[in-house]
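Chemist: Structure, please.
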Amino acid sequence: MPALTADSVSSSNWRQDAARIVEELFQSTPAESWDLLLDLRGNLLRGENWARTLDLFLACREDLEADHYLPFYRLRRLLSVSLRLESVNGAASTESLEALLRSRIRSFSDLKRKVRREVFEHSLEQNGPLGLRVVECGS
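Modeler: So this is what the prediction gives:
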């Protein structure tokens, strides 16, 4: 399988691809997980609040990845090449979104704490609190 890159993903509609992966999960997941999957699917398609979308992805992954590793691997790969972390106040992270998503973070808040800790430990210049947002590549 060829490596996913931002260029290869941008030529297709990655959000629809991600929504299809989520839709495939409905066949083999318990009904009590469907609300969370529906929210994830809707957020992926709307593309309005990527921090919320990551929270939903991480919640779904925590609940379902043990039984459905491959779909969550595919979603993680799509998210990591289609979204990027952006600092609001100029402090930069040395970790990519892909590396952060490979770790066992549970929420966007955990992700921000991990990046803050990394910025602090590497003595990267930072004035004030770290502002972090998630944006779609090419946006």
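Chemist: All the strands of the protein, residue numbers only.
Modeler: Taking DSSP state E as the criterion, the chain carries its strands at 83-87, 132-136.
Chemist: Tell me which of the ones you listed sits most buried.
Modeler: strand 83-87 (a mean of 18; mean count of other CB atoms under 10 Å). All C-beta spots, glycine's among them, are computed from the backbone N, C-alpha and C.
Chemist: Which elements pack onto that strand?
Modeler: If you count contacts as 3 or more CB pairs under 8 Å, 6 or more residues apart in numbering; DSSP states H and E, strand 83-87 packs onto helix 97-102, strand 132-136.
Chemist: thinking again about what came up before, do you know which of the strands of the chain lies nearest Ser103?
Modeler: Smallest distance to Ser103 across the strands of the chain (CB to CB): 13.3 Å, for strand 83-87.
Chemist: And the contacts of the closest one?
Modeler: Outside strand 83-87, the residues within contact range by CB atoms under 8 Å, 6 or more residues apart in numbering are 50, 54, 93, 97, 100, 111, 115, 130-137.
Chemist: picking that back up, tell me which of the strands of the chain lies nearest to Leu75.
Modeler: Using CB to CB, the strands of the chain put strand 83-87 closest to Leu75, at 11.4 Å.
Chemist: what about the residue lying closest to Asn43 once chain neighbours are set aside, neighbour count?
Modeler: When the adjacent residues along the chain are set aside, Asn43 lies closest to Thr53, with 4.2 Å between them (CB to CB, 6 or more residues apart in numbering). By the criterion of other CB atoms under 10 Å, Thr53 has 25 neighbours.
Chemist: any idea how far Thr53 is from Lys114?
Modeler: Relative to Lys114, Thr53 is positioned 18 Å away (CB to CB, to the nearest Å).
Chemist: Please apply the same query to Cys60.
Modeler: 20 Å.
Chemist: for the residue nearest in space to the middle of the chain, what are its contacts?
Modeler: Centroid-nearest residue in the chain, with CA atoms, centre = their mean: Leu54, separated by 4.2 Å. Leu54 is in contact with Leu79, Leu83, Phe108, Leu111, Val134, counting by CB under 8 Å, 6+ apart.
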